[in-house]
Each structure stands twice: as C-alpha cells, then as structure tokens.
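Undergrad: A structural model of the following input is requested.
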Amino acid sequence: MSNTSRRDFLKTSSVAAAGVAATSMPAYSYDRILGSNGKIRTALVGIGDRMMGSLVPAFFSQAAELNFELVAVSDIWKHHRETNTAKIQNSEKYKNKAAKIAMARNNEELYAMKDIDAVIIATADFQHAYHAIEAVEAGKDVYAEKPFANIMEDANKALDVIGKSKQVFTVGTQRRSTPSYMRAKEYLDSGKFGDIVMAEMNWNVNQPGRWRRPRVVPLMKQEDTDWKRFLINRDPKLPFNPRHHLEFRLFWPFSSGIPDQWMVHQIDTVHWFTGIPHPRSVVANGGLYLWKDGRTNWDTMTAVFDYHNPKTDKAFQVLYASRQTNATVSTNPEGLIKEVYYSNGGTLDLDTNKVTPDGGLIERHAKPMNMQPNQLAPLTLADEGGVVASADTGADNQTVAHMRNWMKCIRDRNQKTNADIHAAYNHSVALCMTIAAIQTGKKVTFDDKARKVVTA
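TA: Purely as a prediction, here's the structure:
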C-alpha cells in the first residue's frame, strides 16, 4: 500500500468511525435530539458494581444531549437497591440530571410502572438473556450486558422473541463501537489483509481478588434478598448462598468464569470480522490450579476453535488462552490482552493496532515454489493503544460509545445497533459450545437446524 493510499484509507476509516458508533446508523438530525420534548424514561435492572462502575457513568455522559432520564431501578437485594440508588441520587455528577428515582424490589414491580421506555440490564451472567426477554415482552428497549446467554434454551428463546420485536436491543460487546476495531473491520473487508489463517487471543491477570466481594458478602442476608428470583430458571433447590449471589462469576451454573466474562468479548470480534456466525468445533482444557478459595470455575483455560466459511470453503483456527494466575502476555509484558490475526502476508495486532508484514511469505521461501512473496504494507489503524482489560475502569470510551449508539438508535427507532440480537446470539453459541467442551472434555460442534450444541 502506498503512502497516499494509506492516508486515504485512514481518512476514510476515520470518517466512518466519527461519532464512534456511526456504523449501521442512518443519517441523524441533532435538531431532532435537542428539540425533542419527550424524554426517554430509563430504568436500571441490577444495580451492582458493573452498573455503578461503568454503565451509569456512560449513560449520564449522554443523557442530557439525547434527552434520556433515569426514573427507576430494580434490584432484588435491598442493600444494593437502596445504597446505590442513593449514591446516584446524591452524586455531584448526577444529582442535577436524575429525577426522583423509584425503587422496585423485582422486575414484576418495575414493569407494573407505566412510565418506563428503556432498561439497562447488568445482572448476573446467567440472567442477561432471561431479563432481556422479560423487558422486550414488556415493550421496553434494552441494553443487556454480556455474556448474553450461557445455555442454549435462553439463547434460542431470546433470538425468537427479541428478533421478532420492534424494540431496540444491544448487547454489551463494546469492541463493536470502538474506533480501532471498526477500522480493523473495514481494513479486513477491503481484502488487503487476505484470508485469515489463524488468530491468537489471550486475557491474563494476576488478581486473587478478581470477582471476589469479601466486603459485601457478609452484608447479604436471605431476608433482604429474593433468592428465588435470583435463581430464575436454574435449579430451584439450590440453597441460599451469598457468595453465589455476589461472586457469581466464580461458580457454575451462574457463570463459567473466564469464557462468560472475557472470552465472549474477543471471540465476538471473530464473528464480526469474518461474518461466520459461530465455530465449527471447540475443544478446551484447563483447571483450577491456584486460587482454591471455594470457587468452582477454572482459573486457567485454553480453548481451540475451528472456523469454516461454507461459502468459500476456507477455514482457520483460533487459539484462546486465559489465566488468572500470571498477568504477562508473551508479546507485551506490560499488557493484559492479546488479539492477533494472521494471514499469509502478515499480522494484524489489536493490542498495538498495527498491520505489519511479520510472518508473511518472504521471497527466499516463495521463489523455489514459483510463488510471489506476500508481505503486507505496514499500517497503523489507530493512534491509541488497545482495549483496556479492566471491567471496572468507569465510563471508558468504549462503553460510552456503545451506550451512545444504543441511545441514538432508540431516538431514531433504528433496530440495527452495533451489537444487535444476532451478534448476541452468535457469541452465545460460541460460549455454550465452550462450556460444553469444558464440562465434558470432548470435541463440541453445533447443529444449526436443531439449534443445539452437540458433544462428540
């Protein structure tokens, strides 16, 4: 690629990424935003750390301009419901923007209110799809945190209900609203990278307290929460356990841990970049090697995904590895996340946001086979670094952009958000396949016609 064409490509990409969430959006009138008399009355479902640490700041960063108003919260635990609502109501940042916030003890009470237009859902991993279905059936637009569904029954029902509705829906895979990833998608679509032949992904931390809540677990009493509503469609015989409620990421059937929390972010980019909806097969291995604190979910895992495009009959492999016991990444000791795509001509590194000829076919090996060398032209897709690993960084730019895309789509009644129900369903399929591979130790495939995971 010449210097001129690189400049043209980045100029075009920057325009496409302007406003961060421009893809899939029709022409939009700011007069319509600022001139609208009708506020979008919004409620929060599940008002824990993810909601308070990231989604609430992201919502309020856009609420005044887009004419949204927070009017209610729903949480089955009295402490979170009352304490965090008061924090929002009394916050110096939010107090002039938040009306009197009503508190609901559960979603039945919430949807009995007649003045709710939209909801933001940040409940436990296993509840997202269930609660999104509830909201859509109640006629609400929905922002649902990821992972979307970790059992196929929930994923299939959600696709049917939400896919046929007129409600605006998005799932919280924020990479789809991140400029560097949007530019990477555009670059891959241009054909200049060539066919993907392999991808390697890591998400590593060394944080024994990750997903632990030792300060608040002793505060939860059974009489102050609704354990039955917490379990929703899981085994009703499971006994009350505040760790399962507040540290759900560490325990199955409430979460699978690493795959639910981190893998879905990264594997979602594979589906987005390639248009392939889910893996052809998955195998996985790992275990609970170090943090033996009562958790049941692995602290170390490796999974191998096989992807195949039936339209082109081309395939590639994704190697995914994650550990919670050591934070380094082989190519970047200071980093936590690695996402690298390989073609025959080189490498696309989404940690550095650079395209390089590294690993491409060089002349010395091409010439004896009567082939031409294949070396990608170096290209920088963004000036900033990669996506921050922490889920507790506040209103980071990626979450703000993703929230804004959803809110603008609500204003314009555009159902095609950056991460619509099909994106949610596809990462759910990959997640359910991975969980089956972990639990059985076998190679797992997917039956598209029956919409179910198949264990070999």
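Undergrad: Stretch 437-453: how far from the chain's middle?
TA: The chain centroid and the centroid of stretch 437-453 are separated by 22 Å under C-alpha atoms, centre = their mean, to the nearest Å.
Undergrad: buried sites along that stretch?
TA: For stretch 437-453, burial by neighbour count (16 or more other C-beta atoms under 10 Å) applies to 437-438, 443-446, 453. All C-beta atoms are positioned from the backbone trio N, CA, C, and that covers glycine.
Undergrad: same check, this time on stretch 191-206
TA: Buried, per 16+ other C-beta under 10 Å, within stretch 191-206: 192-193, 195-196, 199-205.
Undergrad: One more: stretch 294-314?
TA: Neighbour-count burial for stretch 294-314 [16+ other C-beta under 10 Å]: 295, 297-301, 303-305, 307.
Undergrad: Just the closest of the residues you listed to T328, please.
TA: T300 (13.8 Å; C-beta to C-beta).
Undergrad: what sits against A64?
TA: By C-beta atoms under 8 Å, 6 or more residues apart in numbering, A64 lies in contact with K97.
Undergrad: Tell me the secondary structure of it, please.
TA: Recorded secondary structure, A64: helix (DSSP: H, G, I helix; E, B strand; the rest coil).
Undergrad: Ok, R41 next?
TA: strand.
Undergrad: now do T445
TA: Put simply, T445 is strand when judged by three-state DSSP.
Undergrad: again, but for T417
TA: coil.
Undergrad: begin at 434 from here
TA: Let's use 434 as the start, then, which means that last one is T850.
Undergrad: Tell me, how many residues neighbour it?
TA: Using other C-beta atoms under 10 Å, T850 is surrounded by 27 other residues.
Undergrad: now it: how far from V601?
TA: From T850 over to V601 the distance is 7 Å, taken as C-beta to C-beta, to the nearest Å.
Undergrad: same thing with D550?
TA: Counting by C-beta to C-beta - D550 and V601 are separated by 10 Å.
Undergrad: Have a look at these two and say which one is more surrounded.
TA: Neighbours of D550 and V601, each counted by other C-beta under 10 Å, are more numerous for V601; the result is 24 against 17.
Undergrad: Run a quick neighbour tally on the nearest residue to that one once chain neighbours are set aside.
TA: Among residues not flanking V601 along the chain, D574 sits closest, at 4.2 Å (C-beta to C-beta, 6 or more residues apart in numbering). As a burial measure, D574 scores 26 neighbours (other C-beta under 10 Å).
Undergrad: Looks like D574 contacts I553 (just checking).
TA: No. Assessed by C-beta atoms under 8 Å, D574 is found out of contact with I553, at 9.8 Å.
Undergrad: residues in contact with R846?
TA: R846 makes contacts with V601, as judged by C-beta under 8 Å, 6+ apart.
Undergrad: switch the cut-off to 7 Å
TA: Listed by C-beta atoms under 7 Å, 6 or more residues apart in numbering, R846 has no contact partners.
Undergrad: cool, the one 10 residues further on as well?
TA: With contact set as C-beta under 7 Å, 6+ apart, A856 has these partners: 604, 606, 609, 701, 705.
Undergrad: returning to what we had before: wait, which of the buried residues of stretch 624-639 is closest to R682?
TA: For the buried residues of stretch 624-639, the residue nearest R682 by C-beta to C-beta is V638; the value is 12.6 Å.
Undergrad: so that closest one makes contact with L769?
TA: Yes. Counting by C-beta atoms under 7 Å, L769 is a contact partner of V638 at 6.1 Å.
Undergrad: what touches both of these two?
TA: Joint contacts of V638 and L769 (C-beta under 7 Å, 6+ apart) are A760.
Undergrad: Please report phi then psi for the residue nearest to V601.
TA: phi -80, psi 150 (degrees, to the nearest 10).
Undergrad: wait, isn't it in contact with T603?
TA: No. Counting by C-beta under 7 Å, T603 is not a contact partner of D574; they are 9.0 Å apart.
Undergrad: about what we covered before: got any residues that touch both of T850 and V601?
TA: By C-beta under 7 Å, 6+ apart, T850 and V601 have these common neighbours: 839, 842.
Undergrad: I'd like the buried residues of stretch 624-639 laid out as JSON lines, including pLDDT.
TA: Putting the buried residues of stretch 624-639 into JSON lines (pLDDT from 0 to 100) gives the following:
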{"residue": "K625", "pLDDT": "96"}
{"residue": "F626", "pLDDT": "97"}
{"residue": "D628", "pLDDT": "97"}
{"residue": "I629", "pLDDT": "98"}
{"residue": "A632", "pLDDT": "98"}
{"residue": "E633", "pLDDT": "97"}
{"residue": "M634", "pLDDT": "96"}
{"residue": "N635", "pLDDT": "94"}
{"residue": "W636", "pLDDT": "93"}
{"residue": "N637", "pLDDT": "93"}
{"residue": "V638", "pLDDT": "92"}
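Undergrad: tell me the two of those residues that are most distant?
TA: K625 and V638 (34.1 Å).
Undergrad: Any regions of this protein where pLDDT drops low?
TA: Within the chain, the stretches with pLDDT under 70 are 434-470, 763-768, 816-828.
Undergrad: Point to the residue nearest the middle of it.
TA: T606 (2.5 Å; C-alpha atoms, centre = their mean).
Undergrad: Contacts only, for that residue.
TA: 579, 697-698, 701, 852, 856, 860.
Undergrad: I'd like to know which of those residues are part of helices.
TA: Residues of the contacts of T606 located in helices (DSSP state H): 697-698, 701, 856, 860.
Undergrad: looking at it, P612 is touching A815, isn't it?
TA: Yes. Under the criterion of C-beta under 7 Å, P612 makes contact with A815 at 6.0 Å.
Undergrad: check contacts around the nearest residue to L723 once chain neighbours are set aside.
TA: Distances taken as C-beta to C-beta, 6+ apart place T758 nearest to L723, at 4.6 Å, with adjacent residues excluded. When contacts are counted by C-beta under 7 Å, 6+ apart, T758 is found next to 639, 722-723, 732-733.
Undergrad: Throw those residues into CSV and include distance to H678, thanks.
TA: Listed next are these as CSV, based on distance: C-beta to C-beta, whole Å:
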residue, distance to H678
N639, 26
Y722, 26
L723, 24
D732, 21
T733, 25
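Undergrad: Filter those down to just the ones in strands.
TA: T733 (DSSP state E).
Undergrad: For K579, see how far away the residue nearest to the centre of the chain is.
TA: Distance from T606 to K579, by C-beta to C-beta: 5 Å.
Undergrad: repeat for A531
TA: 26 Å.
Undergrad: neighbour count winner among the two?
TA: Just comparing A531 and K579: by other C-beta under 10 Å the higher neighbour count belongs to K579, 22 against 19.
Undergrad: phi, psi of the more buried one?
TA: Backbone phi and psi, for K579 under degrees, to the nearest 10, turn out to be phi -90, psi 160.
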